[in-house]
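Asker: One predicted model, sequence on top.
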Amino acid sequence: SVMRSVTSSEKVDLCFIIDSTRSMDPHIAAVKKSIRKIVSKAKRTNFNLKLRLAVVAYRDFCDKKQFEVMDFTDSVADFESFVSGLRAIGGGDSPEDMAGGIR
């Protein structure tokens, strides 16, 4: 399991890729809560863990603000602040750029 791997690791880079189109609006608060729980559990699982966190929020191809990116950081506070500021906006009927979020 992922948590077993985290427990035995010394360093982990963890990137969350999030659909942040308007259709996610009813769910975005739950997504943020789940992310905070995952980070908290990872930190509690291994006290010596050097955890770096990143976020890529993606939207539709047609959106002006297609991506919001936070590169890897070891500051949980900065990471949580960035995640808290994410909003489910934009979106049309064009497809989301999931592949772009992975790049």
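Answerer: Right, received. Where do you want to start?
Asker: make it CA atoms for all contacts and neighbour counts henceforth
Answerer: Will do.
Asker: after the strand or helix carrying residue 40, next one along is what?
Answerer: Taking DSSP states H and E as the criterion, residue 40 maps to helix 28-45. Once the chain leaves helix 28-45, the next helix or strand it forms, by DSSP H and E, is strand 50-58.
Asker: got the angle for that following strand vs helix 28-45?
Answerer: Angular relation of strand 50-58 and helix 28-45 on a 0 to 180 degree scale: 170 degrees, by axes from the mean of the first three to the mean of the last three Cα atoms, to 10 degrees.
Asker: For strand 50-58, list every residue counted as buried.
Answerer: By neighbour count on 16 or more other Cα atoms under 10 Å, the buried set for strand 50-58 is 51-58.
Asker: what does stretch 12-23 give?
Answerer: Under the neighbour-count rule (16+ other Cα under 10 Å), stretch 12-23 has 18-22 buried.
Asker: ok, of the residues you listed, which one's closest to residue 78?
Answerer: residue 18 (17.3 Å; Cα to Cα).
Asker: Phi first, then psi, for that closest one.
Answerer: Dihedral pair for residue 18: phi -120, psi 130, per degrees, to the nearest 10.
Asker: if I pick it, what's in contact with it?
Answerer: By Cα atoms under 8 Å, 6 or more residues apart in numbering, the contact list for residue 18 reads 55-58.
Asker: At the geometric centre of the chain, which residue sits there?
Answerer: For the chain, the residue sitting closest to the mean C-alpha position, by Cα atoms, centre = their mean, is residue 16 at 2.9 Å.
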